[in-house]
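Engineer: how would this look folded up:
(one chain, ligands or ions: 1)
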Amino acid sequence: MKAAVVEAINRQINSELGASYSYLAMSAWCERQKFTGAARWLRLQSQEEYMHAMKLFDFILARDAQVDLKPLEKPRQKFKSLADVFERALAQEQEVSRQIDALYETAFKEKAFAAVAELQWFLTEQVEEEKTAREIVAKFKLIGNDPAALIDLDRELGERVSAAAPSTPATT
Ligand code: FEO
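Structural biologist: Below is the predicted model:
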């Protein structure tokens with residue numbers, strides 16, 4: 001793979017790990033506010049982002065290229081409300097979608113076709129991730145500050161079963 005593509009994928013590994021770190025900080029905040037359902041949801045989402053990073057990590061190694069792990073930014077750790085947490089989660093997903101689009105464009109321009117194929121999974125995944133976050137934000141808008149509804153929504157978020165693993169191994 002061309003150096004520009006490897007570098008762009010390495011930057012995306014950093015972004016996915018940054019998203020994982022950020023969700024972990026959100027989870028800790030929710031746990032301390034006793035929104036344990038949201039805390040669980042966010043912890044699982046953190047694991048999912050870690051798996052996204054590892055999918056790219058494994059892809060770079062499968063292409064016999066150099067993994068370059070970069071420093072992680074300190075994530076935001078204070079939030080105004082539970083709704084604020086999920087609004088930031090949505091903004092984060094929108095930013096990741098922009099990054100994946102740019103990465104896809106780089107891979108395409110450089111004719112890195114294996115990377116283009118690999119990144120198709122991420123394009124589809126981002127549609128799903130944005131949709132999920134947008135739906136949660138919409139629910140928070142709907143319920144406002146109604147405590148009973150907030151407790152219900154927290155319980156609903158806590159029903160999330162697991163982090164969705166990438167469906168295809170990176171090396172196929
Ligand atoms: Fe890996 Fe939520 O983007």
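
Engineer: what does this structure have sitting close to the ligand?
Structural biologist: Glu16, Ala19, Glu49, His52, Glu93, Val96, Glu129 (CB under 6 Å from any ligand atom). Quick note: C-beta positions are derived from backbone N, CA and C, even for glycine.

Engineer: what helix or strand is the fourth one located in?
Structural biologist: Which is His52. Element membership for His52 (DSSP states H and E) is helix 36-62.

Engineer: now that helix: mean pLDDT?
Structural biologist: The average pLDDT for helix 36-62 rounds to 98.

Engineer: next helix or strand past that helix?
Structural biologist: Counting by DSSP H and E, the next helix or strand C-terminal to helix 36-62 is helix 82-109.

Engineer: what pLDDT is listed against Pro166?
Structural biologist: Listed pLDDT for Pro166 reads 71.

Engineer: where does this structure dip in pLDDT?
Structural biologist: Within the chain, the ranges that satisfy pLDDT under 70 run 165, 167-172.

Engineer: can you tell me which residue sits nearest the middle of it?
Structural biologist: Closest to where the C-alpha atoms of the chain average out (CA atoms, centre = their mean) is Glu49, at 4.4 Å.

Engineer: quick one, what contacts the closest residue to Thr106 other than its chain neighbours?
Structural biologist: Distance criterion CB to CB, 6 or more residues apart in numbering; nearest residue to Thr106, sequence neighbours excluded, is Ala8 at 4.7 Å. Residues in contact with Ala8, defined by CB atoms under 8 Å, 6 or more residues apart in numbering, are Ala102, Leu103, Thr106, Ala107.

Engineer: which elements pack onto the strand or helix carrying Phe140?
Structural biologist: In this assignment (DSSP H and E), Phe140 forms part of helix 113-143. If contacts are counted by 3 or more CB pairs under 8 Å, 6 or more residues apart in numbering; DSSP states H and E, helix 113-143 sits against helix 36-62, helix 82-109, helix 147-157.

Engineer: just to check, Ile136 is in contact with Val85?
Structural biologist: No: using CB atoms under 8 Å as the test, Ile136 is too far from Val85 to be in contact (9.6 Å).

Engineer: of these two, who's got more company?
Structural biologist: Val85 (25 against 22; other CB atoms under 10 Å).
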